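> The sequence and its predicted three-dimensional model are supplied below.
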Amino acid sequence: MFFKKFGEKLKSLFGGRKIDEAFFEELEDTLIEGDLGARLTDEIVTELRETAKREHITEAGDLQKRMKEILSGYINGYYDKPEKGKLTVYMILGVNGVGKTTSIAKMANRYTKEGYKVVLAAGDTFRAAAVDQLDIHAERLGMRIVKQQMGSDPGAVIYDAITSAMAHGDDLILADTAGRMHNKENLMKELQKMDKVIKARGVEEKNYKKFLVIDATTGQNGVSQALLFNQAVKLDGVILTKYDSAAKGGALLQIGRQLSLPVLFVCTGEKYDDIKPFDKEEFLNALMGLE
């Protein structure tokens, strides 16, 4: 069960008690512990206080669904599909260690099963292991990969990938990108360069998307990463990894609230099939302890 511990905390907090100052203080502490951050927590608790006062609600349980309604406005799924017969490029971003390359392999597997012609682009040329890792996934999945040697220009890799995809009539390029360089400034410049190459190669704007991979257990770091990457190349959505009972989920709500970024996929394990489209209702019910 996703977010089990956090959901159980909230369920217990809302269960069978009167609304008083102690309740709101405990709720505030719980939400901050759940990675919702001080600003978002204050916003939620203030709105719940006003609702309770305005509607003369005295039982905490009656506020639980109200809180779910509030959170529902902060997060959405990304449900657009790539267009078959036209080339789409998904640039996949994220810091090292979040499961970016594995997520790309899972996406490739899923989209191939859905009938898309997929090619991988090994754009993380800063780290030799990243190219090798993506190459292994491509071999296991039986799909094409466009790659160059470590240290090559990632812009050249994506240029070659687009040229190759157009020649082969592919539907979707899944492009890996660097997650670490000598400093953040270098990393962001590299990503911006790739961004310019893709736009210059004639890929239609509506068919070019940038998704950030976030580790569900990283909390506030995930929010910082989203802000940083969005500043460099405007993001279209996020992909959540390690989506299990150890995750709290609050960071995703913060990202949704601050950047209005929808969630494309959630990854739940190590196998290629351990990926599924984001289910907003399931997420909120698990988060709120309403399952």
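Cool, got the structure.
> need the helices for this protein, in chain order.
Ranges of helices in the chain, per DSSP state H, are 4-14, 21-33, 38-54, 61-72, 100-113, 128-141, 154-168, 184-200, 220-232, 250-259, 280-288.
> Just list what the fourth one packs against, helices and strands only.
What that stands for is helix 61-72. helix 4-14, helix 38-54, helix 280-288 (3 or more CB pairs under 8 Å, 6 or more residues apart in numbering; DSSP states H and E). For the C-beta atoms, the positions are set from N, CA and C on the backbone; glycine is no exception.
> tell me the angle of the first one relative to helix 61-72?
With axes from the mean of the first three to the mean of the last three CA atoms, to 10 degrees applied, the angle from helix 4-14 to helix 61-72 works out at 140 degrees.
> need the helices of the chain in CSV with mean neighbour count, can you?
Supplementary listing: these in CSV, determined by neighbours: other CB atoms under 10 Å:
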stretch, mean neighbour count
helix 4-14, 18
helix 21-33, 15
helix 38-54, 15
helix 61-72, 16
helix 100-113, 22
helix 128-141, 17
helix 154-168, 18
helix 184-200, 16
helix 220-232, 18
helix 250-259, 23
helix 280-288, 18
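> Export these as a markdown table, with columns for distance to Lys84.
Formatted as a markdown table, the helices of the chain follow (distance: least, CB to CB, whole Å):
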| stretch | distance to Lys84 |
| --- | --- |
| helix 4-14 | 38 |
| helix 21-33 | 43 |
| helix 38-54 | 39 |
| helix 61-72 | 32 |
| helix 100-113 | 10 |
| helix 128-141 | 19 |
| helix 154-168 | 13 |
| helix 184-200 | 19 |
| helix 220-232 | 28 |
| helix 250-259 | 29 |
| helix 280-288 | 26 |
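> I'd like to know which of those is closest to Met91.
Proximity to Met91 (CB to CB) singles out helix 184-200 among the helices of the chain, at 6.7 Å.
> related to what we said a few turns ago, of all the helices and strands packed on helix 61-72, which one comes closest to Val98?
Nearest to Val98 among these is helix 280-288 (18.5 Å), distances taken as CB to CB.
> Off-centre distance for the closest one?
Helix 280-288 has its C-alpha centroid displaced from the chain centroid by 16 Å (CA atoms, centre = their mean, to the nearest Å).
> Next: stretch 220-234.
Distance, stretch centre to chain centre, for stretch 220-234: 11 Å (CA atoms, centre = their mean).
> pLDDT on it, on average?
Stretch 220-234 shows a mean pLDDT of 91 in the predicted model.
> so can I have JSON lines of the helices and strands packed on helix 61-72 showing distance to Gly169 and mean pLDDT?
Listed next are those as JSON lines, based on distance: least, CB to CB, whole Å; pLDDT from 0 to 100:
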{"stretch": "helix 4-14", "distance to Gly169": "45", "mean pLDDT": "85"}
{"stretch": "helix 38-54", "distance to Gly169": "45", "mean pLDDT": "95"}
{"stretch": "helix 280-288", "distance to Gly169": "35", "mean pLDDT": "90"}
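> So for His137, which of these sits nearest?
helix 280-288 (27.1 Å).
> Give me the packing partners of the closest one, helices and strands only.
In terms of contacts (3+ CB pairs under 8 Å, 6+ apart), helix 280-288 is packed against helix 4-14, helix 61-72.
> export it as PDB, just CAs?
Taking C-alpha atoms only, helix 280-288 is exported to PDB below (Å, rounded to 0.1, in the frame of the first residue of the first chain):
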ATOM      1  CA  LYS A 280      -5.000  10.700  -8.800                       C
ATOM      2  CA  GLU A 281      -7.800   9.100  -6.900                       C
ATOM      3  CA  GLU A 282      -5.700   6.200  -5.700                       C
ATOM      4  CA  PHE A 283      -2.900   8.600  -4.700                       C
ATOM      5  CA  LEU A 284      -5.100  10.900  -2.700                       C
ATOM      6  CA  ASN A 285      -7.000   8.000  -1.000                       C
ATOM      7  CA  ALA A 286      -3.700   6.400   0.000                       C
ATOM      8  CA  LEU A 287      -2.200   9.700   1.200                       C
ATOM      9  CA  MET A 288      -5.300  10.500   3.300                       C
END
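> angle of that helix against helix 250-259?
Helix 280-288 and helix 250-259 meet at an angle of 120 degrees, taking the same axes, to 10 degrees as the criterion.
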